[in-house]
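Chemist: Turn this into a model:
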Amino acid sequence: MSDLLQRVEKSIQNRKLISRGEKILVAVSGGIDSMVLLHTLKILSAKYKWKIVVAHFNHQLRGRASDADEKLVRRIAAKMKLPVVVENADVKSFAKKSKLSIEMAARKLRHEFFARTARKRKIKTIALAHHADDQVELFFLRLFRGSSSEGLRGMKWQSPSPVDKTISLVRPLLDFSKTELLEFAKENKIRFRDDATNFSNDFLRNRIRNELLTLLKKNYQPSLNKTILRVMEIFGAESEFVGNAAKNSRENFKKMPVAIQRRILQVQLAKNGIAADFDLVESLRQSANHFISVGANVSVARDESGKMQLREVSKLEFNANELAVDLSRAGEVIFGGTKFSWKKAESKNQKAKTNQEFFDADKIGGKIILRHWRAGDRFRPIGMKSPKKLQDLFVNVKIPRERRRTLILAVAEGGEIFWVEGLRVSENFKITSKTKRQLVWKWRKIA
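Modeler: Numbering: from 1, shown residues only. Coordinates of the predicted model:
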């Protein structure tokens, strides 16, 4: 028996991933990782009496290449005399309809298929082919998203399906590098297919794999994978400690350590299907009984004891108030509880202060309108190539739904929005080398 087989067997035994005589649904894409997983489990099944069912999900993202993946999986399953279940789905259409990224849409449909197949076949364990390199890539993905220690610990050897908590996902290859899997496949003449999209840098994960990790290993830390996996193990142990402490704590919420407060809120948000991003958790942690919008018609708050409260919010109407302002000379006005002041000056490099911005005065014109957000409004923040819906920008910067209707915006003489409270200045009205006069724009809340 090869070293890799022995280590896989040891991991399964020591971590109690799969019981003797158990039925296993093995997720097989046709790539190197899943084909090695299938072969190792098939070899070990003779000893442990496992009953293997192969599951393949065709994402229909690569045309004939996707169909070739499916054909290979079917052929290998038939050769091994294993039952195979295949499902096809138009991931692109689903992603567009559901307003999800291709990656997230594929993941959702794939896990739903696995769980549905497992239930039909009365299988409680699904084997996935994630490996050590996947862990490292996931670490950086979650690091860039600002994940907590629970997220940075990475994938677990065993975890519940995101679709059905009664079904267990196991990852027997989590200790192995991609290089080890390739060597095993070569030694054992295992057929597999390369996914061309893995080499495309259109996806963030691929850019991390193909660019960032290569750079870090070459110029900073040759043993990067080993170092990151060690850090993830540390995060995992500490996260587990905080989780247990949060579960068993009986202290007054205000007196609890910050880490415990955060975990208590994260757990409750997750149970209610709400993404526990850092800003939301901190807002809830710092203020009791302060409701925050987290979705369409839903707001959330926590009481003094830290217990989460959800409530439906009635549909909010747009504020139709507006005020015409003449910028031909310096002045000030009050609108929407905010005092605005302005003046024009010769263009020169100046650093904006708090509640102050600079614009190209000639592009804005002599008369503007101050008003609130309206349906269909579009704005182009500095650095963006094209205007975006204000609705989408508000979501991206996590401005609460109730707050959006109170924000003030300024419309230039030509009808285009040049300033939105809480967002970056407009790309179309920024100071450039061609600017002759600048508009110094200040604002201050007075109510």
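Chemist: Lys339 touches Arg444, doesn't it?
Modeler: Yes. In this structure, Lys339 is within contact of Arg444 by Cβ atoms under 8 Å, at 5.0 Å. Where C-beta positions appear, they are placed from N, C-alpha and C, glycine not excepted.
Chemist: beta partners of Ile52?
Modeler: Ile24 (DSSP bridges).
Chemist: just the one 5 residues further on next, same as before
Modeler: Judged by DSSP bridges, the bridge partners of Phe57 are Glu87.
Chemist: pretty sure it contacts Glu87?
Modeler: Yes. Using Cβ under 8 Å, Phe57 is in contact with Glu87, at 5.6 Å.
Chemist: Okay, domains of the protein per the record?
Modeler: As given by automatic domain parsing, the domain ranges for the chain are 3-131+152-200, 253-315, 322-445.
Chemist: Check the offset of the first one from the chain's centre.
Modeler: Distance, stretch centre to chain centre, for domain 3-131+152-200: 22 Å (Cα atoms, centre = their mean, to the nearest Å).
Chemist: Just the pLDDT at His290, thanks.
Modeler: pLDDT, His290: 80.
Chemist: Can you tell me the SS state at it?
Modeler: Recorded secondary structure, His290: coil (DSSP: H, G, I helix; E, B strand; the rest coil).
Chemist: Going forward, the N-terminal residue is numbered 36.
Modeler: Yep, numbering from 36; the last one is His325 now.
Chemist: Angles on the backbone of the closest residue to Phe175 other than its chain neighbours, please.
Modeler: Spatial nearest neighbour of Phe175, excluding adjacent residues (Cβ to Cβ, 6 or more residues apart in numbering): Ile243 at 4.9 Å. Main-chain torsions, Ile243, degrees, to the nearest 10: phi -60, psi -50.
Chemist: Do I have it right that Ile243 meets Phe174?
Modeler: No. Look at Ile243 against Phe174 with Cβ under 8 Å: they stay out of range, at 9.3 Å.
Chemist: returning to what we had before: counting neighbours, go ahead and name the busier of Phe92 and Glu122.
Modeler: Phe92 (26 against 16; other Cβ atoms under 10 Å).
Chemist: now that one: how far from Leu259?
Modeler: Phe92 sits 31 Å away from Leu259, taking Cβ to Cβ, to the nearest Å as the criterion.
Chemist: now Thr214
Modeler: 14 Å.
Chemist: Same check on Val430?
Modeler: Val430 is 34 Å from Leu259, by Cβ to Cβ.
Chemist: Ile47 belongs to a strand, doesn't it?
Modeler: No. Read with three-state DSSP, Ile47 is helix and lies in no strand.
Chemist: OK, contacts around it?
Modeler: 53, 79, 205, 207 (Cβ atoms under 8 Å, 6 or more residues apart in numbering).
Chemist: What separation is there between the last one and Ser46?
Modeler: In this case it means Pro207. In terms of Cβ to Cβ, Pro207 sits 6 Å off from Ser46.
Chemist: Next, show the common contact partners of those two.
Modeler: Leu52.
Chemist: The two: which has the busier surroundings?
Modeler: Remark: of Pro207 and Ser46, Pro207 carries more neighbours, 26 against 18, as counted by other Cβ under 10 Å.
Chemist: that older thread, the residue nearest to Phe175 and Gln344: what is the separation?
Modeler: Look at Ile243 and Gln344: by Cβ to Cβ, they are 38 Å apart.
Chemist: Same question for Ala311.
Modeler: In terms of Cβ to Cβ, Ala311 sits 16 Å off from Gln344.
Chemist: Looking at the two, which is more packed in?
Modeler: Neighbours were tallied for Ala311 and for Gln344 using other Cβ under 10 Å; the higher tally belongs to Ala311 (20 against 13).
Chemist: so the more buried one, which of the three states?
Modeler: Per three-state DSSP, the local secondary structure of Ala311 is coil.
Chemist: Spit out the contact partners of it.
Modeler: With contact set as Cβ under 8 Å, 6+ apart, Ala311 has these partners: 183, 300-301, 304-305.
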